[in-house]
Each structure stands twice: as structure tokens, then as C-alpha cells.
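# what's the 3D shape of this:
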Amino acid sequence: QVQLAESGGGSVQAGGSLRLSCAVSGRTFSRYGMAWFRQAPGKEREFVAGLSRAISTTYADSVKGRFTISRDNANNTVYLQMNSLKPEDTAVYYCAAADSGGIYYFSNSYGYWGQGTQVTVSS
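Numbering: from 1, shown residues only. Just a heads-up that it's a prediction; the model follows:
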């Protein structure tokens, strides 16, 4: 059973930074494609950033240049560094893992999810 646990959310003023972490249980972390999604109140869950097992990355246009996804295979952890935060970044952020190792924009391509962590950016 693969389990994902996010941490690092919180409240910050616009222009600030946060780093989210996602700890993944299991011995095959390096094989997973990892991604971050977010869901704001009243909106659908949306792709934010993805990192394949081959270490290629993809970002949503709305966060490109501000967010960075990375992984530490030795510690089974994926990170999302968020800089220059905006009020529209406010959402619950979820970590997701895909057995195939790729990056997918659609949430149903990921078999494993964390419980989410709240990020609130005030103006």
C-alpha cells in the first residue's frame, strides 16, 4: 500500500514563499511519476507541476517561473517550492503518484494521492 503525506502548507502574504513536501511510503519511489495538483473552493482540481521518473518536469502556465518541483529519491520525498505567491494560488494542494512513471495532466491518471495541505495567500 503506497501512502503519500503532504506537509508545509500555511498562510503567507502575496509575494512570499512556501515549500511543500510529500513523503511517499514504499521502496519503489524512484519509479513513480510525481505531480502536484491543487483545488480551490468551487473549482475543479487542476494540474500544477509534474516530475517523471526520468526527471523531466512540466508546469502549468499559471505557475511557470514561480514554482519548482523536485524529488529526493534517497528520502522518498517530492517537493514543490513556491515563490512569488499570489492570492489566486490559494487552494488545497495535493501530491499524486503514477505507477507508469510519466507526467499526466489529468488527475485520473494517478493511482495514489495524499490528503492535501492548505495554502492561503493573502493580498
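
# wait, isn't A91 in contact with G116?
No: counting by C-beta atoms under 8 Å, A91 does not reach G116; the two are 9.1 Å apart. Quick note: C-beta positions are derived from backbone N, CA and C, even for glycine.

# With neighbour numbers in mind, choose between those two.
A count of neighbours by other C-beta atoms under 10 Å puts A91 above the other of A91 and G116, at 22 against 18.

# Find the nearest non-adjacent residue to the spatially most central residue of the chain, please.
Centroid-nearest residue in the chain, with C-alpha atoms, centre = their mean: W36, separated by 2.2 Å. Nearest residue to W36 in three dimensions, chain neighbours excluded: V48, at 4.4 Å (C-beta to C-beta, 6 or more residues apart in numbering).

# what do you get for S70?
With C-beta to C-beta, 6+ apart, the residue lying closest to S70 is Y79, at 5.0 Å.

# Contacts only, for W36.
Shown in contact with W36 (C-beta atoms under 8 Å, 6 or more residues apart in numbering): L20, C22, V48, A49, G50, I69, V78, L80, Y93, Y94, C95, A96.

# just to revisit the earlier point, per-residue pLDDT, the residue nearest to W36?
With respect to pLDDT, V48 scores 98.

# Same question for V2.
So, for V2, pLDDT stands at 89.

# Around it, count how many other residues there are.
Neighbour count for V2, taken as other C-beta under 10 Å: 14.

# Please consider this matter closed, and thank you.
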